[in-house]
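Colleague: return atomic coordinates for the entry below.
(2 chains)
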Protein chains: 2
Amino acid sequence: MALIVQKYGGSSVANAESVKRVARRIVDTKRAGNQVVVVVSAMGDTTDELLDLAEQVSPEPPTRELDMLLTAGERISMSLVAMAIADLGEDGRSYTGSQAGLITDAAHGSARIIDVTPGRIREALDAGAIPIVAGFQGVAHDTKDVTTLGRGGSDTTAVALAAALQASVCEIYTDVDGVFSADPRVVSAARKVPFITYEEMLELAAVGAKVLHLRCVEYARRFDLPIHVRSSFSSHEGTFVMSPAAIAAAIAEGRAMEQPIISGVAADVNDAKITVVGVPDRPGQAAAIFGALADAGVNIDMIVQNVSAAATGRTDVTFTCPAGSAAKALKSLQGKHESIEFQELLVDDQIAKVSLVGAGMRSHPGVSATFFAALAEAGINVEMISTSEIRISVVTRVDDASTAVVALHTAFGLDADGQAVVYGGTGR
Amino acid sequence: MALIVQKYGGSSVANAESVKRVARRIVDTKRAGNQVVVVVSAMGDTTDELLDLAEQVSPEPPTRELDMLLTAGERISMSLVAMAIADLGEDGRSYTGSQAGLITDAAHGSARIIDVTPGRIREALDAGAIPIVAGFQGVAHDTKDVTTLGRGGSDTTAVALAAALQASVCEIYTDVDGVFSADPRVVSAARKVPFITYEEMLELAAVGAKVLHLRCVEYARRFDLPIHVRSSFSSHEGTFVMSPAAIAAAIAEGRAMEQPIISGVAADVNDAKITVVGVPDRPGQAAAIFGALADAGVNIDMIVQNVSAAATGRTDVTFTCPAGSAAKALKSLQGKHESIEFQELLVDDQIAKVSLVGAGMRSHPGVSATFFAALAEAGINVEMISTSEIRISVVTRVDDASTAVVALHTAFGLDADGQAVVYGGTGR
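Modeller: Down below sits the predicted model:
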C-alpha cells in the first residue's frame, strides 16, 4: 500500500464547492488502495484578508502575533476539508502544524523546519483515517510559540511531512497543469513537460518560475522525494520533479522519453539593477559594498564590475536585487559613502532577467552561441550576463522580456510543434 | 498589585476600531498598577460565518472538526488585540486555550473544564507582559484534540482562569451596562443593580436573563470569585456578582446599600409546552415518560400532572422544554406509545415563562400573594406554576409576557422611580 502526500493550494480550496471536489479526489485516492495524508493552504484570499485586518490594527504588528493570526487560515480550510471527507464516509481528521509535529526555529514569519515528528499522523493512518494537516505552520521548539514558514510554506510542509513519513510521492495540486517550457501566457507554443530534475527546477524557481518554491524543492532533493506537480481541476498527470537517477529509471521503464538539453525559458521582472558609479579601483571596495548590503539583509543576484578607466582609477559596480529591496540597498550604501568613496548611485527597475535552464547544457557545447545569436537576431540588447553550470541568465530591458523568451523558446526547439523532444518549466 | 482578568465579548472586538479601543482600556488598567489577563471571544459574527461555511460543506460535520473550525475565530481576535496592545507600547502575547492550560474533557462542542494549568500565563505576567487568552476553547486531556466549551464559553474561560490565577476580580465586558431589574426594552423603569448574589444570578440566568451564562456563574460561586459585569463602551461601574458575605462586607464598607427582597423579573419565550393527554393513572407512567425524554437528551423544566378523572382513570402530564427540543421530545414519546398508552400529544410554543427572583423571598412571607394578585389585576391567565426557594415562575401566553413583567416590576417596587431600594437583573 503506497503512502501519498497530497498538498492543495488556496485556489484548490477557495470555497465550499472546491472543498467538496478536493475531498472527492482525496477519498478516491484512498479507495484506490493508498494511504493518504493531506496538506492544505488557507482558502483563496483568506491570508490577504487577515493581513489587511492586521494592518488596520497596527502599522507594525509583532511577528509572533502575525503568525498566530495567519495560522487561523489553514485552521479553517483543514477542518472544512475534514468535514467534507467525513461526509463521503471516510474518517478525516485535521491537525495543526504543532499537532502534526512540524517543529521549527523561532524565526516568526519565515521559520525553518528543524524536525518533523509525525506521531499523531502515523496513529491516524494506522487507524485507517485520513489526516489533514495545516500547511505553512509549525511550532517553535524552544518557545512553543506558533510559527509560519513564510509564503508558499505549505509546499514545504507537504514535502517535509512526505519525507518524514517516507511517502512514495508528494503530489502538489495547483491551478496549472504542471511545469511548462515557458509561461504559456507569453509563449503560446509552450508545452507541459513530464519530467524535470530537482536541479533544473531549483534554477527555474530561482529565476522566476512560480510553480514550486525554492525551499520545497531543496527539501525534496535532500530526501530524494519525488514531487508530482499537477492540477486539482483535471485528472491528467502533471510534471514529476525527481532525481536524474529516478528519471533514468523512468526512461528505462518506458515511462519517460529521452531527456532534452534545455528544460525551459523563464523571465523575472521583479528585480532592480543598481550601479555604484566611480568606485576607487583598489582592494576591499567590493567587500565594503557587498558587506554593507549583506548587513542590510539585501539578497544580491547578478554582479558585474567594469574594467576601470586608466585615467580615473575608478570603476563601476553593478548588481541586481529584488526591486522591493532597492530602497534598502540604496540606504545602506549611502550610509557607507565616506568609506566606499563612490561618486553616484543609479537605480533602474525597468529590467528583466531572462534565463535558459537545462541540465544538458553541461555536456553540450554551443548552447551559449545559440543563445546569444537568438537574442541578437531578435534585436535585444544584453545588459548583464550571469551563468551557472545549467543556466544562462541575461538582463534586458523589461519591454524586451517577452520577445526574448519567445525567441529563445523557438531557437532551442522547445515549441510544441518543433522537432526536439523537450521538457522544461516556467511559472504560470 | 491586583490581578484582574478582563473578558471582552464579540461585540466589544467587532472590528479594528473596537479592537483598538479595547486595547486602550487594557493598557490603562495595567498602567493603573494592575496585572491584567485578557480573555477574548471571536469578533462579531465570525462564529456564525464559520458555522455557515461548515453547513455549506457538510450537513452534519463531525464535532471534532467543528471545534477545530470555530476556534479559528478567537485566534483572529486575540492576535489582533495583542497587536493593538503592542502598538500602545505594552507587551501583548496571545495564547490559545491549549497554551493557556485550559484542560477539558473530550465532549466536543460542550466540553467541561477539568483543570486549568496556566504556567505560560504566569510566566508572561512575571515578565511584565499582558497575556491575551482565547476564550471558549481548550484541549482534551486524553486525546489532545482541540475542544470548545459551547456558546458563551468565553465567560467560563475567564472565570476559570481568574480562579486558577487567584485574581481579585473577573471583569466581564459586554454591550450593556450590567444586570438590570428587568429587560430595559420591556420595562422602561428598569434599573441597573450594583450588587447581586451568585444564587440570584443563577436563577436569573436559568429563567432567560442572558447577561451571564449559567456555567460561568456556577464556576465563580464554587471559587467565591467576584464577577464585575460592565460595558466596554463606558467607564461606569456595572454589576458585581458576589457571595452574600462579600455583599455584606461591601455594605459594611459603605460600598453597597441594604439588599432588597426582590432582585429582578425576567421572561423567557424560548420554551414549548407539551401535554401528554390521557395517560393511565398507575405507578410508573411518569417514570416511563421522563425516562424516554432523558434518553433523548431533552432538558425538562416545569412539570404539572392533573388530578386524574375518576371516570376514565386517566390523567394529563404537562411539561416545558426548550422549543428547539420539542420535535425530539415528541419523537421520543411517540416511540413509547405502546408502553405509555397515552391518547394524544399536544405541543404549544406560544408560551412564555415569567419569573420573579430574589434571595429575600426566603424570609419574607406574602411574596406569592403579591405575585399572583399583580398578575390577576393585569388580567393574565396562569397556565403552570413552579417555585424554588428564591424564585417563582409561571407559564403564560407569549403575548402576555411583557404585560406580566411590567406588572410584577411595579408591584414589587422595582421601578426606578419607586420607593424600595432595589436591585435585580434580567437579560438585554
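Colleague: buried sites along stretch A:286-304?
Modeller: A:288-289, A:292-293, A:298, A:300-302, A:304 (16 or more other CB atoms under 10 Å in any protein chain shown). For glycine as for every other residue, the C-beta is placed from the backbone atoms N, C-alpha and C.
Colleague: er, stretch A:260-272 actually
Modeller: By 16+ other CB under 10 Å, the buried positions in stretch A:260-272 come out as A:260-268, A:271-272.
Colleague: check stretch A:26-39 too.
Modeller: So, applying 16+ other CB under 10 Å, buried residues of stretch A:26-39: A:26-27, A:29-30, A:34-39.
Colleague: now render the residues you listed as JSON lines, adding pLDDT.
Modeller: Shown next, in JSON lines, are those (pLDDT from 0 to 100):
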{"residue": "A:26", "pLDDT": "98"}
{"residue": "A:27", "pLDDT": "98"}
{"residue": "A:29", "pLDDT": "97"}
{"residue": "A:30", "pLDDT": "98"}
{"residue": "A:34", "pLDDT": "97"}
{"residue": "A:35", "pLDDT": "98"}
{"residue": "A:36", "pLDDT": "98"}
{"residue": "A:37", "pLDDT": "98"}
{"residue": "A:38", "pLDDT": "98"}
{"residue": "A:39", "pLDDT": "98"}
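Colleague: can you narrow those down to the ones near chain B?
Modeller: Counting by CB under 8 Å from any CB of the partner chain, nothing from the buried residues of stretch A:26-39 sits close to chain B.
Colleague: so where is chain A shaky, pLDDT-wise?
Modeller: Counting by pLDDT under 70, chain A shows low-confidence ranges at A:151, A:417-428.
Colleague: so which bits of it are right by chain B?
Modeller: Checking chain A against chain B by CB under 8 Å from any CB, the hits are A:16, A:19-20, A:50, A:53-54, A:56-62, A:64-66, A:68-69, A:71-73, A:75-76, A:78-80, A:82-84, A:86-87, A:92-94, A:96, A:99, A:120, A:144, A:146.
Colleague: for residue A:281, see how far away the most far-flung residue of chain A relative to its centre is.
Modeller: Seen from the C-alpha centroid of chain A, the residue lying at the greatest distance (CA atoms, centre = their mean) is residue A:311, 45.5 Å away. Noted for residue A:311: a distance of 11 Å to residue A:281, by CB to CB, to the nearest Å.
Colleague: again, but for residue A:90
Modeller: 69 Å.
Colleague: what strand or helix carries residue A:277?
Modeller: strand A:271-280 (DSSP states H and E).
Colleague: each with direction, which strands does that strand pair with?
Modeller: strand A:314-322 (antiparallel), strand A:344-348 (antiparallel) (DSSP bridges).
Colleague: could the ones you listed go into a markdown table alongside mean neighbour count and distance to residue B:3?
Modeller: As requested, these are arranged in a markdown table below (neighbours: other CB atoms under 10 Å in any protein chain shown; distance: least, CB to CB, whole Å):
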| stretch | mean neighbour count | distance to residue B:3 |
| --- | --- | --- |
| strand A:314-322 | 20 | 48 |
| strand A:344-348 | 13 | 54 |
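Colleague: and of these, who's closest to residue B:157?
Modeller: Shortest distance between residue B:157 and the strands paired with strand A:271-280, using CB to CB, is found for strand A:314-322: 43.9 Å.
Colleague: that closest one: what's the following helix or strand?
Modeller: With secondary structure assigned by DSSP H and E, strand A:314-322 is succeeded by helix A:326-334.
Colleague: what does that next one contact?
Modeller: Residues external to helix A:326-334 that are found in contact with it (CB atoms under 8 Å, 6 or more residues apart in numbering or on different chains): A:272, A:274, A:276, A:289, A:292-293, A:295-298, A:321, A:340, A:342, A:345, A:347, A:349.
Colleague: which of these sits closest to chain B?
Modeller: Nearest to chain B among the contacts of helix A:326-334 is residue A:297, at 22.1 Å by CB to the nearest CB.
Colleague: tell me, how many residues neighbour the closest residue to that closest one other than its chain neighbours?
Modeller: Distances taken as CB to CB, 6 or more residues apart in numbering or on different chains place residue A:328 nearest to residue A:297, at 7.2 Å, with adjacent residues excluded. By other CB atoms under 10 Å in any protein chain shown, the residues close to residue A:328 number 15.
Colleague: look up how far chain B lies from residue A:328.
Modeller: 23 Å (CB to the nearest CB, to the nearest Å).
Colleague: then residue A:350?
Modeller: Counting by CB to the nearest CB - residue A:350 and chain B are separated by 37 Å.
Colleague: buried sites along stretch A:95-115?
Modeller: In stretch A:95-115, counting by 16+ other CB under 10 Å, buried: A:95-106, A:108, A:111, A:113.
Colleague: and which of these is nearest residue B:156?
Modeller: Distances from residue B:156 to those, taken by CB to CB, are shortest for residue A:96, at 23.0 Å.
Colleague: contacts only, for the closest one.
Modeller: Counting by CB under 8 Å, 6+ apart, the residues that residue A:96 touches are A:71, A:74-75, A:134, A:137, B:146.
Colleague: which residue, neighbours along the chain excluded, lies closest to residue A:370?
Modeller: Residue A:370 sits nearest to residue A:411 (CB to CB, 6+ apart), 5.7 Å away.
Colleague: my guess is that neighbour contacts residue A:374. True?
Modeller: Yes - contact criterion CB atoms under 8 Å: residue A:411 and residue A:374 qualify, at 3.6 Å.
Colleague: most centrally placed residue in chain A?
Modeller: residue A:213 (2.1 Å).
Colleague: the residue farthest from the centre of chain A and chain B, how far apart?
Modeller: Taking CB to the nearest CB, one finds residue A:311 at 56 Å from chain B.
Colleague: let me have the buried residues of stretch A:26-39 in a markdown table, extended by secondary structure and distance to residue B:224.
Modeller: Converted to a markdown table, the buried residues of stretch A:26-39 look like this (DSSP: H, G, I helix; E, B strand; the rest coil; distance: CB to CB, whole Å):
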| residue | secondary structure | distance to residue B:224 |
| --- | --- | --- |
| A:26 | helix | 52 |
| A:27 | helix | 53 |
| A:29 | helix | 56 |
| A:30 | helix | 53 |
| A:34 | coil | 57 |
| A:35 | strand | 53 |
| A:36 | strand | 52 |
| A:37 | strand | 49 |
| A:38 | strand | 48 |
| A:39 | strand | 48 |
